[in-house]
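>>> Turn this into a model:
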Amino acid sequence: MDKKSKKSIVFQQVCSGIALAIILLLLFQAKDFIVAAVSGKDTYDVRLVEEDTLENHQQVYRLYKNNEDYGDVDYNLYSLLDDNGNTDYRYCHLIQSARSLAFCVILGAMMLVVIVMVMSTSKGTPFTHKNANRIRLIGVLQFGLAIVPGLVKFLMTFFRFDYVSTPLTMEGFYMFVIGFAIMVIAQVFDYGVKLQEDIDSIA
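Numbering: from 1, shown residues only. Next comes the predicted model:
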C-alpha cells in the first residue's frame with residue numbers, strides 16, 4: 001500500500017469519526033428533549049443558590065430535576081407565566097431542549113455536507129458543480145441556523161405562555177451575514193467550475 005492510499009484511509013477514518021461524534025451529539029440532544037417531554041410537571045425546579053466558585057459568593061439560579069443539579073439557567077427564560085399566572089419549569093426546559101435540538105440537527109447537517117464535500121475532493125478535483133451545490137446547501141442551512149431555533153422557541157412559547165418576545169440579537173445577524181457570504185462563495189465557485197470546463201474544452 002503506497003503512502004497516498006494510507007493517507008486516504010486515515011482521512012476517511014477521521015471523517016467517519018467526526019460523523020459519528022455528530023450523530024452521538026444529536027442522540028444526546030434528542031434524549032434530553034424526550035426525557036423532558038415525558039417527565040412530570042413537578043419534576044423540575046429552579047432554585048436561587050449561592051455559588052461558592054464565584055467571587056463574593058454570588059447567587060445564581062440553577063435548574064434541578066428530581067433534586068439533581070442540571071446547572072445554571074437564565075431565570076428570565078424560566079419565569080414565563082400562563083393564563084393562570086403559573087409557570088411550568090418542565091415546559092420551559094422543554095423549550096430550551098427543543099431549541100438546542102433544532103440547532104444541533106441543522107449544524108450536524110452542515111458538518112455532514114462539509115465531510116461529503118471534503119471526501120469528494122480526495123477522489124479528484126474539488127471544482128465540480130456538485131460541490132458548488134453543496135456549498136449552496138451549506139448556505140441555506142446557515143440561514144436555517146439563524147431562523148429555525150429561534151422560531152421553535154417562539155412557537156412553543158406562544159402556545160403555552162402569555163408573554164412572548166423575539167429580540168433581535170447580533171448573533172442572529174452575524175449568522176445571516178455568514179449565510180449570505182457562503183451563498184456568494186458558492187456562486188463564485190460555480191462560475192470557476194464553468195470557466196474550468198471552457199478551458200478544458202478548448203484544450
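
>>> counting contacts, what elements does the helix or strand hosting residue 49 pack onto?
According to DSSP states H and E, residue 49 maps onto strand 44-50. In terms of contacts (3 or more Cβ pairs under 8 Å, 6 or more residues apart in numbering; DSSP states H and E), strand 44-50 is packed against strand 59-65, helix 89-121. The way it works is simple: take the backbone N, C-alpha and C, and place the C-beta from them, glycine included.

>>> Provide a list of residues in contact with the residue sitting nearest the centre point of the chain.
Nearest to the geometric centre of the chain sits residue 103, at 2.7 Å (Cα atoms, centre = their mean). Residue 103 is in contact with 145, 148, 149, counting by Cβ atoms under 8 Å, 6 or more residues apart in numbering.

>>> List the buried residues of stretch 15-30.
By neighbour count with 16 or more other Cβ atoms under 10 Å, stretch 15-30 contains the buried residues 15, 22, 26, 29.

>>> Need phi/psi at the residue nearest to residue 182 when sequence neighbours are not counted.
Among residues not flanking residue 182 along the chain, residue 139 sits closest, at 3.7 Å (Cβ to Cβ, 6 or more residues apart in numbering). Dihedral pair for residue 139: phi -60, psi -40, per degrees, to the nearest 10.

>>> got it, and residue 70?
Dihedral angles for residue 70 - degrees, to the nearest 10 - are phi -100, psi -10.

>>> Please work out which of the helices and strands packed on strand 44-50 is packed deepest.
Of all those, helix 89-121 has the most neighbours on average by mean count of other Cβ atoms under 10 Å, namely a mean of 19.

>>> and the angle from it to strand 44-50?
Interaxial angle, helix 89-121 versus strand 44-50 (axes from the mean of the first three to the mean of the last three Cα atoms, to 10 degrees): 90 degrees.

>>> angle of helix 89-121 against strand 59-65?
80 degrees.

>>> Give the bridge partners for residue 47, please.
residue 62 (DSSP bridges).

>>> can you give me the helices for the protein?
All helices of the chain, identified by DSSP state H, fall at 3-38, 89-121, 129-158, 170-202.

>>> weakest of those helices in terms of mean pLDDT?
Note on the helices of the chain: lowest mean pLDDT is at helix 3-38, with a mean of 78.

>>> Any idea how many residues pack against residue 186?
Neighbour count for residue 186, taken as other Cβ atoms under 10 Å: 20.
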